[in-house]
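Visitor: Sequence first, predicted model second:
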Amino acid sequence: MLNDLGRRARKAARSLATATAADKEKALRAMAARIRGAADAILRANREDLDEAREKGQTAAFLDRLTLDTKRLEEIAAAVESIAALPDPVGRVLATFERPNGLLIERVATPLGVVGVIFESRPNVTADAGALCLKAGNAAILRAGSDSFRTSLALVEAMGAGLADAGLPADAIRLVPTRDRSAVGAMLAGLDGNIDVIVPRGGKSLVARVQEEARVPVFAHLEGICHVFVHAKADPAMAERIVLNAKMRRTGICGSAETLLVDRACAGTHLKPLVAMLLDAGCAVRGDAAAQAVDPRVTAATEEDWRTEYLDAIIAVRVVDGLADAIDHIETYGSHHTDSIVTEDAAAAERFLREVDSAIVLHNASTQFADGGEFGFGAEIGIATGRMHARGPVGVEQLTSFKYRIRGSGQTRP
């Protein structure tokens, strides 16, 4: 069944590779319309998924990632429309040059082919991934987690109807129609050569398995251990706004700050208000001795806390000896995902931006901007922390490869 799904996706990908920008835009707008039209069915499916997740005792943060309501569903449809409005990434001429022998060489953006996306509980990934792949001329095979299976199936059915409305193959976006875990292994093996790249989006165990077992290229990040460093020259009010947003806006996303680092040079004025603000907002704080000393509600941090992606209302807090120590901590414990410095010192900010080797590095801004939509990409299929091909939010441009087109006038090689 899965190999047949792969073969049909490959056939659809060949059709998409020659689809015009207008064809793809029409299909994406039709998909958004179908999602809105199927709102009752999608939300009903989501309620069933939520009921099952609650019975399993899933955490509040997990349930938040899984939940759809009318507002979130409209945001999903709007994201598909925003992808429709993006420039077509396929066919872009990336470079042009002429050789001394007269050969004219162009490097031109092309689709990747068939993209396999394996994800867990966030239903919006279903629409984002399918729409982004389509815009870049790729077919998508989606494997949702069992917790979001009903919701994802309802979304894909609506998207397939939109594709058919626009005259493109519905096989261009398909959900693996089973919860069986063996489906993941089959996708990692490449579905008989029909998957060109895998994008995992989920927890540490899922991504680690994909990176270990995949026999096709992978765009992935293992986890989002994101830091905010409050430098000695940080404006106190700005630091409080950024830290609160970075941790508490949505605790269950990969761009949520998991560790707060405070410069010892400003700890006397900045540390206590920051810690109290987080605690008063309902965030548990696990801190070093300095953090524990400013508020009795702070519990002792262990070595493991500096390496933990909580995805919950928990943060680790540490006082560091200046910029170099903060960078060393991030390099030692971070995951190269997203890290931010809060400072009014331009030189310190530039050093942080230059030396922190993460996919996304910010100055005076919340880590929660680690999102393709916030980058103007319309949406993202994931955030890659590797160094090959794609890094940071993976949007439509990152979902293309390239080929060389060479025009001659009879040249032969001596």
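Guide: Nice, I can see it. Numbers count the residues shown, from 1 in each chain.

Visitor: Excluding chain neighbours, what is closest to residue 223?
Guide: Excluding its sequence neighbours, the residue lying closest to residue 223 (C-beta to C-beta, 6 or more residues apart in numbering) is residue 309, at 4.3 Å. From N, CA and C alone the C-beta is placed, and that goes for glycine too.

Visitor: quick check, the one you found in a helix?
Guide: No. Per DSSP: H, G, I helix; E, B strand; the rest coil, residue 309 lies outside any helix segment and is coil.

Visitor: Can you verify my assumption that it contacts residue 255?
Guide: No. In this structure residue 309 lies outside contact range of residue 255 using C-beta atoms under 8 Å: 11.0 Å.

Visitor: More neighbours: which of the two?
Guide: residue 255 (22 against 18; other C-beta atoms under 10 Å).

Visitor: Please report the distance of the more buried one from residue 401.
Guide: 27 Å (C-beta to C-beta, to the nearest Å).

Visitor: Kindly report the same for residue 316.
Guide: With C-beta to C-beta as the criterion, residue 316 and residue 401 are 40 Å apart.

Visitor: again, but for residue 71
Guide: Taking C-beta to C-beta as the measure, residue 71 and residue 401 are separated by 36 Å.

Visitor: So those two - more neighbours on which side?
Guide: Legend: neighbour count by other C-beta under 10 Å for residue 71 and residue 401, higher for residue 401 (15 against 8).

Visitor: Contacts for the host helix or strand of the more buried one, please.
Guide: Element membership of residue 401 [criterion: DSSP states H and E] is strand 400-407. Identification of contacts with strand 400-407 by C-beta atoms under 8 Å, 6 or more residues apart in numbering yields 89-90, 92, 94, 103-112, 136-137.

Visitor: Next, the buried residues of the helix or strand hosting residue 227.
Guide: Using DSSP H and E, residue 227 falls within strand 226-230. Residues of strand 226-230 classed as buried: 226, 227, 228, 229, 230 (neighbour count, 16 or more other C-beta atoms under 10 Å).

Visitor: same deal with stretch 105-114?
Guide: Those would be 108, 109, 110, 111, 112, 113, 114, for stretch 105-114 by 16+ other C-beta under 10 Å.

Visitor: wait, isn't the last one in contact with residue 6?
Guide: Going back to what we said before, that points to residue 114. Yes. Using C-beta under 8 Å, residue 114 makes contact with residue 6 at a distance of 7.0 Å.

Visitor: Are there residues contacting both of these two? Which ones?
Guide: Listed contacts common to residue 114 and residue 6 are 141, 194, 195; contacts here mean C-beta under 8 Å, 6+ apart.

Visitor: so the first one, which of the three states?
Guide: So the one you mean is residue 141. strand.

Visitor: Run through the chain and note the low-pLDDT ranges.
Guide: By pLDDT under 70, the low-scoring segments of the chain are 221-222.

Visitor: can you list the domains in it?
Guide: As assigned by automatic domain parsing, the chain contains the domains 2-219+394-407, 226-369.

Visitor: of those domains, which approaches residue 381 most closely?
Guide: Each of those has some distance to residue 381 by C-beta to C-beta; the shortest is domain 2-219+394-407, at 4.7 Å.

Visitor: now the end-to-end length of that closest one.
Guide: In domain 2-219+394-407, first residue to last residue: 40 Å (C-alpha to C-alpha, to the nearest Å).

Visitor: that older thread, adding distance to residue 387, write the domains of the chain out as TSV.
Guide: Putting these into TSV (distance: least, C-beta to C-beta, whole Å) gives the following:
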stretch	distance to residue 387
domain 2-219+394-407	11
domain 226-369	9
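
Visitor: for those domains, which one sits closest to residue 414?
Guide: domain 2-219+394-407 (9.3 Å).

Visitor: Any idea how far the closest one is from the middle of the chain?
Guide: Remark: domain 2-219+394-407 is offset 12 Å from the chain centroid, using C-alpha atoms, centre = their mean, to the nearest Å.

Visitor: And for the nearest residue to residue 152 once chain neighbours are set aside, the neighbour number?
Guide: Nearest residue to residue 152 in three dimensions, chain neighbours excluded: residue 144, at 3.7 Å (C-beta to C-beta, 6+ apart). Residue 144 is flanked by 27 other residues according to other C-beta under 10 Å.

Visitor: thought residue 144 was touching residue 175?
Guide: Yes. Using C-beta under 8 Å, residue 144 is in contact with residue 175, at 6.3 Å.

Visitor: And the helices in the stretch 1-150 of the chain?
Guide: Assigned by DSSP state H, counting those that start in this stretch, the stretch 1-150 of the chain shows helices spanning 2-17, 21-37, 39-55, 60-66, 70-84, 124-135, 149-165.

Visitor: Could I have the CA atoms of the second one written out in PDB?
Guide: Which is helix 21-37. The C-alpha coordinates for helix 21-37 follow below in PDB (Å, rounded to 0.1, in the frame of the first residue of the first chain):
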ATOM      1  CA  ALA A  21       2.800  29.500 -11.200                       C
ATOM      2  CA  ALA A  22      -0.800  30.300 -11.900                       C
ATOM      3  CA  ASP A  23      -1.800  26.600 -11.700                       C
ATOM      4  CA  LYS A  24      -0.300  26.300  -8.300                       C
ATOM      5  CA  GLU A  25      -1.700  29.500  -7.000                       C
ATOM      6  CA  LYS A  26      -5.100  28.500  -8.100                       C
ATOM      7  CA  ALA A  27      -4.800  25.200  -6.400                       C
ATOM      8  CA  LEU A  28      -3.600  26.700  -3.100                       C
ATOM      9  CA  ARG A  29      -6.500  29.200  -3.000                       C
ATOM     10  CA  ALA A  30      -8.900  26.300  -3.700                       C
ATOM     11  CA  MET A  31      -7.300  24.300  -0.900                       C
ATOM     12  CA  ALA A  32      -7.800  27.200   1.500                       C
ATOM     13  CA  ALA A  33     -11.500  27.500   0.400                       C
ATOM     14  CA  ARG A  34     -12.000  23.800   0.900                       C
ATOM     15  CA  ILE A  35     -10.500  24.000   4.400                       C
ATOM     16  CA  ARG A  36     -12.900  26.700   5.300                       C
ATOM     17  CA  GLY A  37     -15.800  24.800   3.800                       C
END
